[in-house]
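Novice: can you look at this prediction? I've put the sequence above it.
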Amino acid sequence: MKYRDLNIQTQREAPNNARTEGFAFLVRAGYLTRENTPTQLGKVALDHLRELSNVPIFLSQMLLPTIGNEAEVFFPIPSGSIEVVHCSNCNYTERLELARFMKAPLPKEDERPLEKVLTPECHTIEALANFLNIPKEKTAKALMYTRLSDNRFIFVVVRGDVQLSEAKLKQHVGEVRAASVEEIERSGAVAGYASPIGLQEALIVVDDLIPQSQNLVAGANESGYHLRNTNYGRDYSAGMIEDLTQAKAGDTCTNCGNLLSVFATINLATRKNYDFENILLALAETYHDSKGLTLPHPAAPFDVYLMHLPGKELDTRAKAEEIDRILQNAGISVLFDDREERAGVKFNDADLVGPPIRVTVGEKGLKEGMVELKPRKEKENQLVPLEKILEKTISILN
Ligand SMILES: [Zn+2]
């Protein structure tokens, strides 16, 4: 393809809205607009990826530092909107809201008798723990929902120091919404002071740490009061005991005991459904230097950036067109910079657009039957005899 046909617009400056270097270079190299829409060049790159994706090893061919599991492949990137838990030791990978981790129960205690305490203005776990001067893990946190399918009132209990994963809850009970004030009142619970003790008709669902935690402070279902020493089994029971806790960085991997990390990511694939725009961003993020993109073969939409430097005596353009044909006939994809531009402009654009090899046809070399070849990631040019250009290109690409 020819540079002018693709109407490539490169830019000197990174866009103001660039959240990552990869995005900045995709805009500067003319693959994306500042509004993140693929240009003609961008569409060529995406079509190229789409074609490559017909083989099962496609994603591994992209040579990206991905993390994933059987269902999904993710690419860690600061601007990513999907939080993913990852174990660097055994490679366990899961979306944060569904990730498993090893839970740490508190030391077992003898059950003490229930005791009602006045706790004014203690609507949150934080306030309650401060007021009673106890750690948050000695409290029970109540969350109330209504199941969409049958309007069943669902009362959830997790330990006060952990965060409920609504995604895990939904896996066990189905879709839910927050319960309304009327629904909470009807159940016998009191918002801010709610407890599962004495509720009628509610489906009580507790995190699996709750039956292992003795003498927790829970609401008294009476405004301004809490109960000390509530105990699962003695004071209430549940319809379901499940893992409902959201993992966090530093939790322990259930498979291997290593510490888990949490990464911001983008999704590259779900099963074999690829997100090609995200894959292009991941490539740009992984493969760039200070001058532009350094896309590897076969991910790069073009293997060769071919250019001629306008000459005074020899027709360098005709020779470049000949090389274009030779390479293309051998199945090598070429971006031919056919502009009558200064060398510096073309070299800059070759670095920005980033094919793995640059081939330059100039008058000086041509007089000796040579062209210049420069692998994108190397500093030095090589002079290559015209008749060896195909062989040399193939050997570099492989
Ligand atoms: Zn692990």
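Specialist: The structure has been received and is ready for your questions.
Novice: alongside the ion, which residues does this protein contribute?
Specialist: 87, 89-90, 92, 253, 255-256, 258 (C-beta under 5 Å from the ion). The C-beta positions use only the backbone N, C-alpha and C, and glycine is treated the same way.
Novice: any chance you could map the helices in the stretch 251-398 of the chain?
Specialist: Taking DSSP state H, counting those that start in this stretch as the criterion, the stretch 251-398 of the chain contains helices spanning 276-286, 316-329, 343-353, 363-367, 389-397.
Novice: now do the buried residues in the fourth one.
Specialist: Going back to what we said before, that points to helix 363-367. 363, 365-366 (16 or more other C-beta atoms under 10 Å).
Novice: cool, and stretch 286-295?
Specialist: 286-288, 292-295.
Novice: and for stretch 119-139?
Specialist: For stretch 119-139, using 16+ other C-beta under 10 Å, the buried residues are 119, 122, 125, 128-129, 131-132, 134, 136-139.
Novice: dump those into CSV; add pLDDT and secondary structure as well.
Specialist: Converted to CSV, the buried residues of stretch 119-139 look like this (pLDDT from 0 to 100; DSSP: H, G, I helix; E, B strand; the rest coil):
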residue, pLDDT, secondary structure
T119, 95, coil
C122, 89, coil
I125, 94, helix
L128, 94, helix
A129, 96, helix
F131, 96, helix
L132, 96, helix
I134, 96, coil
K136, 96, helix
E137, 96, helix
K138, 97, helix
T139, 97, strand
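Novice: spatially, which two of the buried residues of stretch 286-295 are the most separated?
Specialist: Greatest spatial distance among those (C-beta to C-beta): T286 and G292, at 13.7 Å.
Novice: the nearest residue to P76 once chain neighbours are set aside: how many residues sit nearby?
Specialist: Nearest residue to P76, sequence neighbours excluded (C-beta to C-beta, 6 or more residues apart in numbering): F263, at 4.1 Å. Counted with other C-beta atoms under 10 Å, the neighbours of F263 add up to 19.
Novice: for F263, give the beta-bridge partners.
Specialist: V84 (DSSP bridges).
Novice: kindly report the same for T245.
Specialist: L164.
Novice: so who does it touch?
Specialist: The contact partners of T245, taken as C-beta atoms under 8 Å, 6 or more residues apart in numbering, are 101, 103, 158-159, 162-165, 168, 207, 209.
Novice: re the thing from before, ok, the buried residues of helix 363-367 vs the ion, which is closest?
Specialist: G365 (55.4 Å; C-beta to the ion).
Novice: thought the closest one was touching V371?
Specialist: Yes. Using C-beta atoms under 8 Å, G365 is in contact with V371, at 5.7 Å.
Novice: what sits in contact with each of these two?
Specialist: Common neighbours of G365 and V371 (C-beta under 8 Å, 6+ apart) are L383.
Novice: residue closest to the middle of the protein?
Specialist: Geometric centre of the chain, nearest residue: T265, 1.4 Å, by C-alpha atoms, centre = their mean.
Novice: so it touches S79, yeah?
Specialist: No. Counting by C-beta under 8 Å, T265 sits too far from S79 to count as a contact (9.9 Å).
Novice: hang on, the earlier thing: now mean pLDDT too, for the helices of the stretch 251-398 of the chain, in CSV please.
Specialist: Listed next are these as CSV, based on pLDDT from 0 to 100:
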stretch, mean pLDDT
helix 276-286, 98
helix 316-329, 95
helix 343-353, 95
helix 363-367, 93
helix 389-397, 95
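Novice: need the winner for burial among those helices.
Specialist: Greatest average neighbour count among the helices of the stretch 251-398 of the chain goes to helix 276-286 (a mean of 23), per mean count of other C-beta atoms under 10 Å.
Novice: about what we covered before: out of the contacts of T245, which are buried?
Specialist: 101, 103, 158-159, 162, 164-165, 168, 207, 209.
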